[in-house]
Each structure stands twice: as structure tokens, then as C-alpha cells.
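1. Give me the fold of what follows.
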Amino acid sequence: MEKRVYGRTCMNISILGFGCGAVGGLMVRGAAADQERAIGRALDVGINYFDTAVQYGNGASETNLGRTMKVLKPAQVFVGTKVRLPASDFGRIARAVTESLDGSLARLQMDHVDIFHLHNAITVNGGGDTLSAAQVLNDVVPAFEALRKAGKARFLGITAVGDTAALLQVIDAGKFDSAQVSYNMLNPSAGEALPVGYPAQDYGRMFDHTLKAGVGVVGIRVIAGGALSGSDQRHPIASPPPEPIGTATSYQADVARARRLMPLVTEGFASSLPEAATRFAISHPAMGTILVGMATVDEFEGALAAVQKGPLPVAALGRLTALREGFSGESR
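-> Reported below is the predicted structural model:
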């Protein structure tokens, strides 16, 4: 398994991480035996980053990951979790993030995590359950730094969801070591300029900013919540179709656009759309590790096989760009 140095952290992280989220559902609603089989297989092939959050099954993902790690006892892995603050806690951020991480550590049966990510969306002015860039830098950063000083978190991160200007401001400030960035074949704007009128959020070449700031990148929404399978079908333990992040305004619109990328398969660049999507995500040098949601061990094996084929070739990337040009001018 290829490993990449993760930003300025000096951690060597596998290019394929193990996502423990609720969309695929394996680590939330799967059987314990399947969870242990999938994680055991991941460890055997060299995967060493495991990503979870309180919100994944209201703590179930953390509990299941902690239990499985206790059983398997891996020699060295990196674990990341997250905190999402409700608006009611915005007046007590330091206490709230401490309570959240303490609860996560208890469920994980660990004394620290390697990366602690803020899960809230970050916007210019805040509002609702979003935090403004000023709140993140002035209130969240000191609270996170106190947890780092206490030895409960080695590195600090954000989930790069919200307003692009606010996200870039926070990344440029150099206070965080990690960013979870939406990057997929439907919206590559974290890595390249979008054509005029393209129907997606413009992330403003965010990777230029993460590279300059030494921030490691976790690639999220690699399969666009499942839409880049090109199918409406959901596994019984998967979540319902999730709200798109950064792409269309509906999951169905994402599926429809994904199907228009099928020439990548019919012309021989990849054996399936999920394979193409997975290999696309690791094609950018700024990518540290990617997360692919899974409901079954077989789905994990599919992601593994795709990564082992390596990044998409230049010809495939060029064909993808040409196919996406047809989206410009359409409503989001």
C-alpha cells in the first residue's frame, strides 16, 4: 500500500484510509464479524488510517472501531475522530469540545487520537449550526490546542465544508494540520479551476492552499456519497441517499451526471465508475489519504483493488475533463 507523508505531521499514512462513516454503514450497522474481517484485511494490506466521528451512529462507529482494535491489537495505526458542536454550545466551546473528545476516547478505548477534526461547516458569518471563520480561529483553535497540550490529540483538523472564502481563510491561518476536503470526478475544484458556469461549488483550488500551509488532506465524498456508482441502488445497511456536498442540489442529479461519465468505462480507462472515481481521487499529489464508504467487505475489496491499480492515466484525466465540459451552463 502506497503511503504519503501527511502534510507537516511527518505521519506516513496509507493513500487508502478506512472510513467508518454512516453512509456506507459497515461500522455503524454492520455485523461485528464483518467489521473485524474488513479491518483485519485492511491492516493486512497496509492501511493505517481509520476515520470516525461521534455523529456516525451516535457513537456506534467509535464504539465498534474501539472494540475491533482491542481484538486485533494492530502494531501502529492512526485514528481520527471529530466533534460537531450544536449552536447551543457555541457559548461554551472549550468545555464542549473537551467533553466530546473525552466521550470519544472512552468509546474508542484509547487515551488519545492522532487527528481531531472540527465537523461543523465553516461560513463567513456563521449562523445556525455553522461556525464563522473568526469563531474557529478565536475560540475553537485555543480549545483544540489545550487538548493537544493535554495529550488527547496529536494533530488538529477541520472538515472543509461551508463557504469557500471562510475555509481558505482558516487553512491559510496555519493553525490546523489536517483538512477533510470534498474532491471527486463531479467536482474537482479543490485541485483545478472550474469552467465558467459549472454546476458545483467552487472550492477555489483549495489544494494550493493546503500545500502552502503544510496541511494534510483527507479526501472525502470520493464516490459522491454513492452517486459515482452510477446507480440508485443502496445496500440494506447503507444510509439513505445523503445530501450532496459541493456538487448538485440533489442526489439524483449527481447520479444522472455520473452516468454521463460512463465513457471512462466503455472506452477502457477503468472497469467501473467507482474504480475510476477512486483512482481519480488519488491522482492529485496534494491528496494524503482518501476515504471510501462501504457497506460490505466486498465493497472494501473493490476500493482496495482500485487503489492498487494506481492513479488514472493522463489520457483518462483528459477524457474526463472533456466529458465534464458538457455540464457547464446546466443548473446545479
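2. what residue lies at the spatial centre of this protein?
-> Taking CA atoms, centre = their mean, the centroid of the chain lies closest to residue 220, which sits 2.6 Å from it.
3. Quick check: beta-bridge partners of it?
-> According to DSSP bridges, the residues that bridge with residue 220 are residue 182.
4. Surely it and residue 180 touch.
-> Yes. Residue 220 is within contact range of residue 180, at 4.9 Å (criterion: CB atoms under 8 Å). The C-beta positions use only the backbone N, C-alpha and C, and glycine is treated the same way.
5. Now do the shared contacts for those two.
-> residue 159 (CB atoms under 8 Å, 6 or more residues apart in numbering).
6. Who are the contact partners of the residue nearest to the centre of the chain?
-> Taking CB under 8 Å, 6+ apart, we find residue 220 in contact with 159, 180, 181, 182, 183, 245, 290, 291.
7. Over to residue 247?
-> Listed by CB under 8 Å, 6+ apart, the contact set of residue 247 reads 184, 186, 187, 200, 201, 221, 224, 227, 253, 254, 257.
8. So it versus residue 237, what's the distance?
-> 24 Å (CB to CB, to the nearest Å).
9. what is residue 131 paired to in the beta sheet?
-> residue 122.
10. thought it was touching residue 122?
-> Yes. Look at residue 131 against residue 122 with CB under 8 Å: they come within range, at 5.6 Å.
11. Residue 103 against residue 58, yeah?
-> No. Contact criterion CB under 8 Å: residue 103 and residue 58 do not qualify, at 10.8 Å.
12. Those two: which has the busier surroundings?
-> Counted by other CB atoms under 10 Å, residue 103 and residue 58 do not tie: residue 103 has more neighbours, with 15 against 11.
13. Name the nearest residue to residue 147, sequence neighbours excluded.
-> Spatial nearest neighbour of residue 147, excluding adjacent residues (CB to CB, 6 or more residues apart in numbering): residue 153 at 4.8 Å.
14. which parts of the lengthiest helix in the chain are buried?
-> Of all the elements of type helix in the chain, the one with the most residues (DSSP state H) is helix 93-108. By 16 or more other CB atoms under 10 Å, the buried positions in helix 93-108 come out as 93, 96, 97, 98, 100, 101, 104, 105, 107, 108.
15. Off-centre distance for stretch 314-332?
-> Offset of stretch 314-332 from its chain centre (CA atoms, centre = their mean, to the nearest Å): 23 Å.
16. pLDDT (mean, whole number) over it?
-> The average pLDDT within stretch 314-332 is 96.
17. now swap in stretch 295-303 and tell me
-> Across stretch 295-303, pLDDT averages out at 88.
18. same check, this time on stretch 127-138
-> For stretch 127-138, mean pLDDT rounds to 97.
19. quick one: buried residues of it?
-> Neighbour-count burial for stretch 127-138 [16+ other CB under 10 Å]: 130, 131, 132, 133, 135, 136, 137.
20. List of residues touching the helix or strand hosting residue 305?
-> Taking DSSP states H and E as the definition, residue 305 sits inside helix 297-308. The contact list for helix 297-308 (CB under 8 Å, 6+ apart) reads 1-2, 15-16, 18, 24, 26, 34, 37-38, 41-42, 45, 235, 270, 272, 274-275, 278-279, 282, 290, 292, 294.
21. Which residues belonging to it are considered buried?
-> 297, 299, 300, 302, 303, 304, 306, 307.
22. pLDDT at the last one, what is it?
-> For residue 307, the model assigns a pLDDT of 97.
23. could you pull out the strands for the stretch 1-150 of the chain?
-> In the stretch 1-150 of the chain, the segments counted as strands under DSSP state E, counting those that start in this stretch are 3-5, 12-14, 18-19, 49-51, 78-83, 113-118, 122-123, 131-132.
24. The fifth one to helix 93-108, inter-axis angle?
-> Just to be clear, that refers to strand 78-83. 130 degrees (axes from the mean of the first three to the mean of the last three CA atoms, to 10 degrees).
25. mind checking how far strand 78-83 is from the chain centre?
-> Strand 78-83 sits 11 Å away from the centroid of its parent chain (CA atoms, centre = their mean).
26. so what strands line up beside that strand?
-> Going by DSSP bridges, the partners of strand 78-83 are strand 49-51 (parallel), strand 113-118 (parallel).
27. any idea which of those is most buried?
-> Among these, strand 49-51 has the highest mean neighbour count (mean count of other CB atoms under 10 Å), at a mean of 26.
28. Give the rounded mean pLDDT of stretch 19-37.
-> Taken as a whole, stretch 19-37 has a mean pLDDT of 90.
29. nope, stretch 157-170 is what I was after
-> Rounded mean pLDDT across stretch 157-170 is 98.
30. Can you give the distance of that stretch from its chain's centre?
-> The answer for stretch 157-170 is 14 Å, by CA atoms, centre = their mean.
31. hmm, back to that, distance to residue 191 and mean pLDDT added to the strands paired with strand 78-83, as TSV?
-> Formatted as TSV, the strands paired with strand 78-83 follow (distance: least, CB to CB, whole Å; pLDDT from 0 to 100):
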stretch	distance to residue 191	mean pLDDT
strand 49-51	20	97
strand 113-118	20	98
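32. Nearest to residue 215, out of those strands?
-> Nearest to residue 215 among these is strand 113-118 (11.2 Å), distances taken as CB to CB.
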